[in-house]
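[1] kindly generate the corresponding structure for this input.
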Amino acid sequence: MTDKSDGLGARLEQMLSANLDRGALLREMERLSQEPAFGTFASLWAPALYERDASFFEAFLLKRLESRHANTIRILLPLAEAAGQDTLFMGLYRKVADQDTWNGELLALARSTQPEEQVLRAVQRREMSQRWFTLYEDVALALYRRQPERLAAFIRQHVRRGWGYGHESYRHLRAEVKQQGDEELSWALFRELAEPGEWEHSVAELLFDKVPAEAVVAELRKRHSTHLWEANTGILGIFVERYGHVVLPYIEENLNWIARRSGERMLDAAEKLGDEDLYWRIFFKAGDPAKWNKALREVLERPLSDAALLLEVQRRMPPAQRWSWWRMEKDVALRFYRRNAEMFRPYLERFLYEPDESLFGEAERVGDEEMLDFLSFWGLRQVAGLIWRAYPSPSLQRWWKPDEKLQKQVEHLGKLLTDRFDRLCAESPATYVQHAANILSRFEAFEVWSFGRNLDHNPAFAYLYRQHRDAWLQSSDGIRELLESTNIYVQIFGLDILGEGGVDAAERVVENLVLLRALLLGRARRSTKRLALRCLEQAARQSAAAAARVLPLLEEALHFQGKRAIDERLMVTFVRLRHAQSAQPLA
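    Numbering: from 1, shown residues only. Coordinates of the predicted model:
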């Protein structure tokens, strides 16, 4: 390593002393910079490149000089600053500056006898907001006194309430700014530095002064603390009571923080105001599912028509969210279903996560197969969630043992679902496939269960996967529903059925060539693509007509390659099928 390093140093000296033009020198330096020891010679190449042409080699210096080259960088910094090379100075300065040194330099600039413009530019070069540096109070005060108007923005950017610096309050700076009548900076410092009690006092003064409605939101925003989460925001409830909707923009902007400590107070204020819409807008920031279900029970008790009840329910529905913790409890769901199944179905499907057996029985009693499909899907999910504790894998049995109670629950729920599947199939195999496909189509794209464990322990899942495959093969719509699923496991289910071969399977394959082509050429795993290829090959062997449709697809797919391509298998299958086709030409 030492020999290599010595050799690199000699090459660098030779390169730097050679009479190369700038472009050739830069190319050689880029090549040498790939060697591990290059950085250790920064004191050799960095000053030389700077001296040669600082502007031309600026990008190289910024890229290759690091914080470990602090001594070399500190040699270059005064040169770059004196030459007005601001980009180079700022880039290198941020690599080596520390908070104490930075504050010391700024204090020296504030007290220096340099011209004002020169001081201003020097301060601006040391802008460090990206590094989250904080001005000490004496430094901020000195800068402000030096150039109040021109350095106010710099001070506002770098004064932060922090810990460990001994300058949390900045009371002298704030007093000076206020004395100067600098309202903009004064309020900016207030928003960043005000303690919880100071914020509460300032907001209370607005109430005492009876600020006009058209100005209250602007005044609240002017005082808005960046540390609002620390404050007792209950006082804002009085603003809601006094100003109503007028103050709502500010409340909603900050409701996540306000609700953490003052949610109940805000709800009480909205309730006293008698504004239902305002109440529920606040509720879904400050309330919880238990209170929500209680409110739904209360509205169900009212003597309302279905249309009036629907309006009240719509008002009480949470806003759409990707992940929602608003879950309707089983008894509430059953009451809504019994009240008007068709009207309230969208809300049940959106907020019901663990369907109750009584709701399943009610849907069966009235013959509501659409609702039963939804409940069957959630029943599958429910059982899938139970089998981890009911039948823990060998690796998990070190943590817990099989739970016989949960095993009985799995069996009970499984029988509830499989009895329904048997009933549907007895009515007609096509009816069974229609509803089974509807259930499986509800799987989301990346919803992954343990496939093997569900086949072993989830009776309903195993039934869907293993039973009545002939019925699936006779259903064009059912197979297409499986192959069009966004969930790869559902697609694999369809491929597995088609892979059994036969006349019906060949017909379904030909009907779905576009979907199978997409699987072959997409980002599916190679094992999945092999399943699709197997289906195509078996269909092509079933009849010459099928082969005539399949072979062009395979020939086209041969030209696509990638990490997940199976072009070699495709070629073998294509050649094999072409040979079989030539041996048995079309009649």
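[2] so who does Asn293 touch?
    Contact partners of Asn293, counting by C-beta atoms under 8 Å, 6 or more residues apart in numbering, are Met328, Glu329, Val332. For the C-beta atoms, the positions are set from N, CA and C on the backbone; glycine is no exception.
[3] please give the element, helix or strand, for it.
    Element membership for Asn293 (DSSP states H and E) is helix 289-301.
[4] C-terminal to that helix, what's the next element?
    helix 306-315.
[5] could you give me the average pLDDT of that next one?
    Averaging pLDDT along helix 306-315 gives 93.
[6] so which elements touch it?
    helix 276-286, helix 289-301, helix 330-339, helix 341-351 (3 or more C-beta pairs under 8 Å, 6 or more residues apart in numbering; DSSP states H and E).
[7] I'd like the next helix or strand past the last one.
    Going back to what we said before, that points to helix 341-351. Downstream of helix 341-351 (by DSSP H and E), the next one is helix 357-365.
[8] look at the residue nearest to Asp275 when sequence neighbours are not counted and give its secondary structure.
    Distances taken as C-beta to C-beta, 6 or more residues apart in numbering put Gly244 closest to Asp275, at 6.4 Å, once the chain neighbours are dropped. Look at Gly244: counting by DSSP: H, G, I helix; E, B strand; the rest coil, its state is helix.
[9] thought Gly244 was touching Gly274?
    No: using C-beta atoms under 8 Å, Gly244 is not in contact with Gly274; the gap is 9.5 Å.
[10] neighbour-wise, which of the two wins?
    Neighbour tally, Gly244 and Gly274, criterion other C-beta atoms under 10 Å: the higher count belongs to Gly244, 16 against 9.
[11] and the pLDDT for the more buried one?
    84.
[12] that one and Ser428, how far apart?
    For Gly244, the distance to Ser428 equals 60 Å [C-beta to C-beta, to the nearest Å].
[13] and Trp102, by the same measure?
    When distance is defined by C-beta to C-beta, Trp102 is 80 Å away from Ser428.
[14] which of the contacts of Asn293 lies closest to Ile155?
    Met328 (52.9 Å; C-beta to C-beta).
[15] residues near the residue nearest to the closest one when sequence neighbours are not counted, how many?
    Nearest residue to Met328, sequence neighbours excluded (C-beta to C-beta, 6+ apart): Phe351, at 4.0 Å. Phe351 has 21 neighbours, counted by other C-beta under 10 Å.
[16] check contacts around Phe351.
    Taking C-beta under 8 Å, 6+ apart as the test, what Phe351 contacts is Ser324, Trp326, Arg327, Met328, Ala333.
[17] so can I have TSV of those residues showing distance to Ala545, secondary structure and neighbour count?
    Below are these laid out as TSV (distance: C-beta to C-beta, whole Å; DSSP: H, G, I helix; E, B strand; the rest coil; neighbours: other C-beta atoms under 10 Å):
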residue	distance to Ala545	secondary structure	neighbour count
Ser324	51	coil	13
Trp326	54	coil	17
Arg327	53	coil	15
Met328	53	coil	21
Ala333	51	helix	24
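[18] which one of these is nearest Asp306?
    Distances from Asp306 to the contacts of Phe351, taken by C-beta to C-beta, are shortest for Ala333, at 16.6 Å.
[19] against Glu568, how distant is the closest one?
    54 Å.
[20] low-confidence ranges, the stretch 301-450 of the chain, go.
    Low-confidence segments of the stretch 301-450 of the chain, defined by pLDDT under 70: 322-323, 448.
[21] count of neighbours near the nearest residue to Ala231 once chain neighbours are set aside?
    Of all residues not flanking Ala231 in the chain, Pro196 sits nearest, at 4.1 Å (C-beta to C-beta, 6+ apart). Counted by other C-beta under 10 Å, the residues lying close to Pro196 total 15.
[22] show me what contacts Pro196?
    Taking C-beta under 8 Å, 6+ apart as the definition, contacts of Pro196 comprise Ser225, His227, Glu230, Ala231, Asn232.
[23] can you tell me which of those are buried?
    Ser225, Ala231 (16 or more other C-beta atoms under 10 Å).
[24] ok, so of the contacts of Pro196, who is nearest Val139?
    Scanning the contacts of Pro196 for proximity to Val139, where the rule is C-beta to C-beta, the winner is His227, at 22.3 Å.
[25] please report how far the nearest residue to that closest one once chain neighbours are set aside lies from Phe38.
    Using C-beta to C-beta, 6+ apart and skipping residues adjacent in sequence, the residue nearest His227 is Arg161, 6.8 Å away. Distance, Arg161 to Phe38, using C-beta to C-beta: 43 Å.
[26] can you give me how far stretch 311-323 is from the chain middle?
    22 Å (C-alpha atoms, centre = their mean, to the nearest Å).
[27] could I get the buried residue list for it?
    Glu312, Val313, Arg316, Met317, Pro318.
[28] now, which of the contacts of Pro196 lie within helices?
    When the contacts of Pro196 are checked against helices (DSSP state H), there are no matches.
[29] strands - which of the contacts of Pro196 land there?
    Nothing among the contacts of Pro196 maps onto strands, per DSSP state E.
[30] what is the nearest of the contacts of Pro196 to Phe133?
    His227 (19.2 Å).
[31] my read: Ala471 touches Thr431, true?
    No: if you go by C-beta under 8 Å, Ala471 and Thr431 don't touch, sitting 9.4 Å apart.
[32] these two: who's more crowded?
    Per other C-beta under 10 Å, whichever of Ala471 and Thr431 has more neighbours is Ala471, with 18 against 15.
[33] next helix or strand past the helix or strand harbouring that one?
    Assigned by DSSP H and E, Ala471 belongs to helix 469-473. Next along the chain after helix 469-473, taking DSSP H and E as the criterion, comes helix 476-483.
[34] quick one: mean pLDDT for that next one?
    For helix 476-483, mean pLDDT is 95.
[35] check which helices and strands it sits against.
    Under the contact criterion of 3+ C-beta pairs under 8 Å, 6+ apart, helix 476-483 touches helix 429-440, helix 469-473, helix 488-498, helix 503-511, helix 513-521.
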